[in-house]
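> okay, sequence plus prediction incoming.
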Amino acid sequence: MTHLIIDADPIVYRCGFAAETPTYHLVMEDPVTGIYEAVFAPYDGKTAGARMQKWIQDHPDDQVLEKEKVVYPEPESHALEAVRTQLYSIEKECREHYAVDDFERVTVILSGPGNYREKLATIVPYKGNRDPAHKPYWYQAIRNYLTGTWGAVVVHGREADDECSIIGHNSEPGSYIIATIDKDLDQIPGNHYNYLKQVFYANSADDGERFFWQQVISGDATDGVPGCFRVGELRARRLADDVIGEARPADRRPNLWAAVVAAYARSKAIPGCPYVESSAEAVALETARLVYLQQQEGELWIPTGPPHARLEEYVDE
(Lines give C-alpha, C1' and ligand atoms only; values in the text may rest on other atoms or scores of the structure.)
Protein backbone atom coordinates (compact mmCIF):
# COMPACT_ATOMS: atom_id res chain seq x y z
CA MET A 1 0.00 0.00 0.00
CA THR A 2 1.94 2.93 -1.30
CA HIS A 3 -0.73 5.53 -2.03
CA LEU A 4 -2.52 7.40 0.77
CA ILE A 5 -5.64 9.24 -0.44
CA ILE A 6 -6.98 11.83 2.04
CA ASP A 7 -10.47 13.30 1.80
CA ALA A 8 -9.65 16.73 3.24
CA ASP A 9 -13.08 18.41 3.11
CA PRO A 10 -13.93 17.30 6.68
CA ILE A 11 -10.51 18.47 7.91
CA VAL A 12 -11.20 22.02 6.72
CA TYR A 13 -14.37 22.20 8.78
CA ARG A 14 -13.29 20.24 11.85
CA CYS A 15 -10.00 22.08 12.32
CA GLY A 16 -11.51 25.39 11.34
CA PHE A 17 -14.37 25.23 13.82
CA ALA A 18 -12.00 23.95 16.52
CA ALA A 19 -10.01 27.19 16.19
CA GLU A 20 -12.88 29.52 17.02
CA THR A 21 -15.27 30.23 19.86
CA PRO A 22 -18.89 31.02 18.98
CA THR A 23 -21.09 32.94 21.37
CA TYR A 24 -24.77 33.83 21.17
CA HIS A 25 -26.38 37.07 22.23
CA LEU A 26 -30.13 37.01 22.88
CA VAL A 27 -32.53 39.84 23.48
CA MET A 28 -35.65 38.39 25.10
CA GLU A 29 -38.85 39.66 26.63
CA ASP A 30 -40.27 38.24 29.82
CA PRO A 31 -44.07 38.80 30.03
CA VAL A 32 -43.69 39.99 33.63
CA THR A 33 -40.30 41.69 33.99
CA GLY A 34 -39.86 42.95 30.45
CA ILE A 35 -36.85 42.95 28.09
CA TYR A 36 -33.54 41.44 29.09
CA GLU A 37 -30.31 40.22 27.46
CA ALA A 38 -28.48 36.92 27.76
CA VAL A 39 -25.06 35.90 26.43
CA PHE A 40 -24.04 32.27 25.99
CA ALA A 41 -20.51 30.94 25.54
CA PRO A 42 -19.17 27.38 25.71
CA TYR A 43 -19.00 26.20 29.32
CA ASP A 44 -18.61 22.97 31.25
CA GLY A 45 -18.48 20.79 28.13
CA LYS A 46 -21.57 22.34 26.57
CA THR A 47 -21.51 24.40 23.37
CA ALA A 48 -22.82 27.94 23.25
CA GLY A 49 -25.64 26.81 20.98
CA ALA A 50 -26.68 24.02 23.33
CA ARG A 51 -26.69 26.37 26.31
CA MET A 52 -28.77 28.91 24.38
CA GLN A 53 -31.32 26.30 23.30
CA LYS A 54 -31.58 24.99 26.87
CA TRP A 55 -32.29 28.52 28.11
CA ILE A 56 -35.02 29.04 25.52
CA GLN A 57 -36.61 25.68 26.40
CA ASP A 58 -36.51 26.53 30.10
CA HIS A 59 -38.24 29.87 29.47
CA PRO A 60 -41.15 28.94 27.16
CA ASP A 61 -43.12 32.09 28.02
CA ASP A 62 -40.30 34.43 27.00
CA GLN A 63 -40.17 35.76 23.46
CA VAL A 64 -36.91 35.93 21.50
CA LEU A 65 -36.67 39.43 20.04
CA GLU A 66 -33.14 39.25 18.61
CA LYS A 67 -30.52 36.54 18.21
CA GLU A 68 -26.94 37.17 17.11
CA LYS A 69 -24.05 34.78 16.71
CA VAL A 70 -20.57 36.21 17.23
CA VAL A 71 -17.46 34.16 16.40
CA TYR A 72 -14.17 34.84 18.14
CA PRO A 73 -11.42 33.21 16.05
CA GLU A 74 -8.13 32.06 17.45
CA PRO A 75 -5.00 33.13 15.52
CA GLU A 76 -4.75 31.72 12.01
CA SER A 77 -1.63 29.83 13.03
CA HIS A 78 -3.68 27.79 15.51
CA ALA A 79 -6.03 26.62 12.76
CA LEU A 80 -3.20 25.72 10.41
CA GLU A 81 -1.32 23.89 13.15
CA ALA A 82 -4.45 21.81 13.83
CA VAL A 83 -4.59 20.89 10.15
CA ARG A 84 -0.89 20.01 10.05
CA THR A 85 -1.23 17.87 13.17
CA GLN A 86 -4.25 16.05 11.73
CA LEU A 87 -2.51 15.26 8.44
CA TYR A 88 0.69 14.09 10.10
CA SER A 89 -1.38 11.96 12.47
CA ILE A 90 -3.19 10.32 9.53
CA GLU A 91 0.12 9.53 7.84
CA LYS A 92 1.68 8.19 11.05
CA GLU A 93 -1.28 6.00 12.00
CA CYS A 94 -1.54 4.53 8.50
CA ARG A 95 2.20 3.84 8.25
CA GLU A 96 2.18 2.04 11.58
CA HIS A 97 -1.00 0.08 10.98
CA TYR A 98 -0.01 -1.15 7.53
CA ALA A 99 3.71 -1.47 8.35
CA VAL A 100 4.74 0.98 5.63
CA ASP A 101 7.97 2.94 6.01
CA ASP A 102 6.74 5.69 3.73
CA PHE A 103 4.18 6.33 1.01
CA GLU A 104 5.13 6.77 -2.61
CA ARG A 105 2.24 9.18 -2.96
CA VAL A 106 0.03 11.16 -0.60
CA THR A 107 -2.92 12.77 -2.38
CA VAL A 108 -4.94 15.38 -0.47
CA ILE A 109 -8.27 16.16 -2.14
CA LEU A 110 -10.64 19.12 -1.76
CA SER A 111 -14.01 19.81 -3.38
CA GLY A 112 -13.98 22.88 -5.60
CA PRO A 113 -16.69 24.93 -7.31
CA GLY A 114 -19.63 23.27 -9.03
CA ASN A 115 -21.28 19.92 -8.51
CA TYR A 116 -23.19 18.15 -11.27
CA ARG A 117 -25.59 16.71 -8.69
CA GLU A 118 -27.10 20.16 -8.15
CA LYS A 119 -28.49 20.00 -11.70
CA LEU A 120 -29.79 16.45 -11.31
CA ALA A 121 -31.77 17.00 -8.10
CA THR A 122 -35.46 17.76 -8.73
CA ILE A 123 -37.26 16.41 -5.64
CA VAL A 124 -35.33 18.58 -3.18
CA PRO A 125 -32.18 20.68 -3.75
CA TYR A 126 -28.98 18.69 -3.36
CA LYS A 127 -27.46 19.59 0.02
CA GLY A 128 -30.30 22.06 0.40
CA ASN A 129 -30.39 21.19 4.10
CA ARG A 130 -27.02 22.89 4.61
CA ASP A 131 -26.31 26.55 5.24
CA PRO A 132 -23.71 27.62 2.63
CA ALA A 133 -22.63 30.44 4.93
CA HIS A 134 -21.84 28.02 7.77
CA LYS A 135 -18.08 27.94 7.30
CA PRO A 136 -15.18 28.35 9.71
CA TYR A 137 -13.62 31.78 10.02
CA TRP A 138 -10.33 30.44 8.64
CA TYR A 139 -12.00 28.39 5.88
CA GLN A 140 -10.09 29.93 2.96
CA ALA A 141 -6.82 30.19 4.87
CA ILE A 142 -6.94 26.45 5.59
CA ARG A 143 -7.69 25.63 1.95
CA ASN A 144 -4.83 27.87 0.83
CA TYR A 145 -2.52 26.07 3.25
CA LEU A 146 -3.62 22.65 1.97
CA THR A 147 -3.09 23.59 -1.67
CA GLY A 148 0.10 25.59 -1.12
CA THR A 149 1.91 23.41 1.42
CA TRP A 150 0.39 19.97 0.89
CA GLY A 151 -0.29 20.18 -2.84
CA ALA A 152 -3.98 19.44 -2.36
CA VAL A 153 -5.92 18.66 -5.54
CA VAL A 154 -9.05 20.81 -5.96
CA VAL A 155 -11.67 19.09 -8.12
CA HIS A 156 -14.23 21.02 -10.15
CA GLY A 157 -17.74 20.02 -11.14
CA ARG A 158 -17.83 17.04 -8.79
CA GLU A 159 -16.90 16.26 -5.19
CA ALA A 160 -13.73 15.18 -3.44
CA ASP A 161 -15.58 11.91 -2.76
CA ASP A 162 -15.81 11.28 -6.51
CA GLU A 163 -12.10 11.93 -6.99
CA CYS A 164 -11.21 9.51 -4.19
CA SER A 165 -13.42 6.90 -5.85
CA ILE A 166 -11.99 7.50 -9.33
CA ILE A 167 -8.42 7.13 -8.05
CA GLY A 168 -9.28 4.01 -6.07
CA HIS A 169 -11.16 2.26 -8.87
CA ASN A 170 -8.34 2.96 -11.30
CA SER A 171 -5.55 1.72 -9.02
CA GLU A 172 -4.23 -1.74 -8.33
CA PRO A 173 -6.24 -3.51 -5.61
CA GLY A 174 -4.53 -3.21 -2.25
CA SER A 175 -2.27 -0.37 -3.39
CA TYR A 176 -4.10 2.49 -1.67
CA ILE A 177 -5.69 3.61 1.58
CA ILE A 178 -8.75 5.89 1.69
CA ALA A 179 -8.59 8.22 4.70
CA THR A 180 -11.91 9.89 5.44
CA ILE A 181 -14.65 10.23 8.03
CA ASP A 182 -17.39 10.22 5.38
CA LYS A 183 -19.35 6.95 5.21
CA ASP A 184 -20.25 7.68 1.56
CA LEU A 185 -16.77 6.52 0.59
CA ASP A 186 -17.68 3.02 1.75
CA GLN A 187 -18.73 2.50 -1.86
CA ILE A 188 -15.01 2.25 -2.64
CA PRO A 189 -13.44 -1.20 -2.20
CA GLY A 190 -10.06 -1.44 -0.51
CA ASN A 191 -8.45 -0.28 2.72
CA HIS A 192 -10.06 2.53 4.68
CA TYR A 193 -9.09 4.62 7.68
CA ASN A 194 -11.62 6.69 9.62
CA TYR A 195 -9.37 9.34 11.15
CA LEU A 196 -12.08 10.64 13.48
CA LYS A 197 -12.82 7.26 15.08
CA GLN A 198 -9.28 5.97 14.42
CA VAL A 199 -10.70 2.80 12.90
CA PHE A 200 -9.12 0.76 10.11
CA TYR A 201 -11.19 -1.56 7.95
CA ALA A 202 -11.27 -3.13 4.49
CA ASN A 203 -14.14 -3.16 2.01
CA SER A 204 -14.62 -5.85 -0.59
CA ALA A 205 -16.20 -5.12 -3.97
CA ASP A 206 -19.39 -6.73 -2.63
CA ASP A 207 -19.31 -4.43 0.40
CA GLY A 208 -19.06 -1.39 -1.85
CA GLU A 209 -21.88 -2.60 -4.09
CA ARG A 210 -24.10 -3.37 -1.10
CA PHE A 211 -23.53 0.05 0.42
CA PHE A 212 -24.38 1.80 -2.85
CA TRP A 213 -27.68 -0.04 -3.20
CA GLN A 214 -28.51 0.63 0.41
CA GLN A 215 -28.10 4.35 -0.26
CA VAL A 216 -30.19 4.12 -3.43
CA ILE A 217 -33.06 3.02 -1.19
CA SER A 218 -32.42 5.00 2.01
CA GLY A 219 -30.97 8.13 0.42
CA ASP A 220 -28.44 10.23 2.29
CA ALA A 221 -29.84 12.59 4.90
CA THR A 222 -26.46 14.29 5.34
CA ASP A 223 -26.54 15.46 1.71
CA GLY A 224 -30.27 16.14 1.65
CA VAL A 225 -31.09 13.12 -0.57
CA PRO A 226 -34.44 11.84 0.75
CA GLY A 227 -34.46 8.31 -0.72
CA CYS A 228 -37.45 5.99 -0.58
CA PHE A 229 -40.17 7.57 1.55
CA ARG A 230 -40.32 6.17 5.07
CA VAL A 231 -37.59 3.57 4.44
CA GLY A 232 -34.59 3.96 6.72
CA GLU A 233 -31.07 2.60 6.57
CA LEU A 234 -31.87 -0.65 8.38
CA ARG A 235 -34.70 -1.69 6.05
CA ALA A 236 -32.68 -0.57 3.04
CA ARG A 237 -29.73 -2.70 4.14
CA ARG A 238 -31.96 -5.73 4.62
CA LEU A 239 -33.50 -5.34 1.17
CA ALA A 240 -30.09 -5.02 -0.49
CA ASP A 241 -28.72 -7.97 1.50
CA ASP A 242 -31.67 -10.18 0.55
CA VAL A 243 -31.25 -9.59 -3.17
CA ILE A 244 -27.45 -9.72 -3.19
CA GLY A 245 -27.49 -12.89 -1.11
CA GLU A 246 -29.86 -14.71 -3.43
CA ALA A 247 -28.69 -13.54 -6.86
CA ARG A 248 -25.77 -14.64 -8.95
CA PRO A 249 -23.37 -11.77 -9.72
CA ALA A 250 -24.69 -11.48 -13.28
CA ASP A 251 -28.28 -11.17 -12.01
CA ARG A 252 -27.66 -8.74 -9.18
CA ARG A 253 -28.04 -5.43 -10.97
CA PRO A 254 -31.36 -6.18 -12.76
CA ASN A 255 -32.78 -7.88 -9.66
CA LEU A 256 -31.68 -5.06 -7.38
CA TRP A 257 -32.98 -2.39 -9.72
CA ALA A 258 -36.37 -4.14 -9.97
CA ALA A 259 -36.53 -4.41 -6.15
CA VAL A 260 -35.61 -0.74 -5.74
CA VAL A 261 -38.23 0.48 -8.21
CA ALA A 262 -40.84 -1.74 -6.53
CA ALA A 263 -39.95 -0.24 -3.13
CA TYR A 264 -40.37 3.29 -4.49
CA ALA A 265 -43.67 2.32 -6.12
CA ARG A 266 -45.00 0.98 -2.78
CA SER A 267 -43.88 4.12 -0.96
CA LYS A 268 -46.08 6.32 -3.16
CA ALA A 269 -49.14 4.91 -1.39
CA ILE A 270 -47.95 6.26 1.98
CA PRO A 271 -49.65 9.55 2.95
CA GLY A 272 -47.29 12.48 2.65
CA CYS A 273 -45.03 10.95 0.00
CA PRO A 274 -43.31 13.94 -1.69
CA TYR A 275 -42.99 12.33 -5.12
CA VAL A 276 -46.45 10.84 -5.52
CA GLU A 277 -46.91 12.57 -8.90
CA SER A 278 -43.62 11.21 -10.28
CA SER A 279 -42.87 7.75 -11.63
CA ALA A 280 -41.21 5.39 -9.17
CA GLU A 281 -38.46 4.59 -11.67
CA ALA A 282 -37.64 8.26 -12.26
CA VAL A 283 -37.34 8.96 -8.55
CA ALA A 284 -35.22 5.86 -7.95
CA LEU A 285 -32.95 6.82 -10.86
CA GLU A 286 -32.47 10.35 -9.53
CA THR A 287 -31.57 9.00 -6.10
CA ALA A 288 -29.11 6.49 -7.55
CA ARG A 289 -27.37 9.17 -9.58
CA LEU A 290 -27.10 11.49 -6.60
CA VAL A 291 -25.57 8.95 -4.22
CA TYR A 292 -23.34 7.20 -6.76
CA LEU A 293 -19.62 7.99 -6.55
CA GLN A 294 -18.08 8.23 -9.99
CA GLN A 295 -15.62 5.50 -10.88
CA GLN A 296 -14.57 7.25 -14.10
CA GLU A 297 -14.43 10.99 -14.66
CA GLY A 298 -17.58 12.35 -16.29
CA GLU A 299 -19.76 9.24 -15.94
CA LEU A 300 -23.45 9.15 -15.08
CA TRP A 301 -25.01 6.07 -13.46
CA ILE A 302 -27.58 4.10 -15.45
CA PRO A 303 -29.38 0.87 -14.41
CA THR A 304 -27.99 -1.17 -17.31
CA GLY A 305 -24.34 -0.23 -16.74
CA PRO A 306 -21.48 -0.41 -16.43
CA PRO A 307 -20.37 1.06 -18.73
CA HIS A 308 -22.34 4.11 -17.73
CA ALA A 309 -23.61 7.09 -19.68
CA ARG A 310 -21.57 10.25 -20.16
CA LEU A 311 -22.51 13.13 -17.92
CA GLU A 312 -22.31 15.72 -20.70
CA GLU A 313 -25.12 13.94 -22.53
CA TYR A 314 -27.50 14.76 -19.67
CA VAL A 315 -26.09 17.79 -17.88
CA ASP A 316 -24.94 20.96 -19.60
CA GLU A 317 -21.80 21.89 -17.73
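Done, it's in. Note that this is a predicted model, so its numbers are computed, not measured.

> for the lowest-mean-pLDDT helix or strand in the chain, packing partners?
In the chain, no helix or strand scores lower on mean pLDDT, DSSP states H and E than helix 233-246, which sits at a mean of 82. Packing partners of helix 233-246 (3 or more C-beta pairs under 8 Å, 6 or more residues apart in numbering; DSSP states H and E): helix 205-218, helix 249-267. (C-beta placed from N, C-alpha, C; glycine too.)

> worst average pLDDT in the ones you listed?
Across those, helix 249-267 has the smallest mean pLDDT, namely a mean of 87.

> list the contacts for Val154?
Under the criterion of C-beta atoms under 8 Å, 6 or more residues apart in numbering, the contact list for Val154 reads Leu110, Ser111, Gly112, Arg143, Thr147.

> do the same with Ile181
Asp7, Pro10, Asn194, Tyr195, Leu196, Lys197.

> tabulate the helices and strands packed on helix 233-246 (CSV), appending distance to Tyr137.
CSV is the format used below for these (distance: least, C-beta to C-beta, whole Å):
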stretch, distance to Tyr137
helix 205-218, 33
helix 249-267, 42
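
> re earlier: from the contacts of Ile181, which land in helices?
Using DSSP state H, the subset of the contacts of Ile181 located in helices is Pro10.

> with distance to Thr21 and pLDDT as extra columns, can I get the contacts of Ile181 in JSON lines?
Converted to JSON lines, those look like this (distance: C-beta to C-beta, whole Å; pLDDT from 0 to 100):
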{"residue": "Asp7", "distance to Thr21": "27", "pLDDT": "98"}
{"residue": "Pro10", "distance to Thr21": "20", "pLDDT": "97"}
{"residue": "Asn194", "distance to Thr21": "27", "pLDDT": "98"}
{"residue": "Tyr195", "distance to Thr21": "24", "pLDDT": "96"}
{"residue": "Leu196", "distance to Thr21": "21", "pLDDT": "95"}
{"residue": "Lys197", "distance to Thr21": "25", "pLDDT": "96"}
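
> generate a PyMOL selection restricted to the buried subset of the contacts of Ile181.
One line in PyMOL is enough to select the buried members of the contacts of Ile181, burial here meaning 16 or more other C-beta atoms under 10 Å:
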select buried, resi 7+10+194+195
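
> export the contacts of Ile181 as CSV, with columns for distance to Val27.
What follows is the contacts of Ile181, written out as CSV (distance: C-beta to C-beta, whole Å):
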residue, distance to Val27
Asp7, 41
Pro10, 35
Asn194, 42
Tyr195, 41
Leu196, 37
Lys197, 40
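
> re earlier: between the least confident helix or strand of the chain and helix 249-267, how big is the angle?
Here helix 233-246 runs at an angle of 150 degrees relative to helix 249-267 (axes from the mean of the first three to the mean of the last three C-alpha atoms, to 10 degrees).

> and helix 233-246, which residues are buried?
Of the residues in helix 233-246, those with enough neighbours to count as buried (16+ other C-beta under 10 Å) are Glu233, Ala236, Arg237, Leu239, Ala240, Val243, Ile244.
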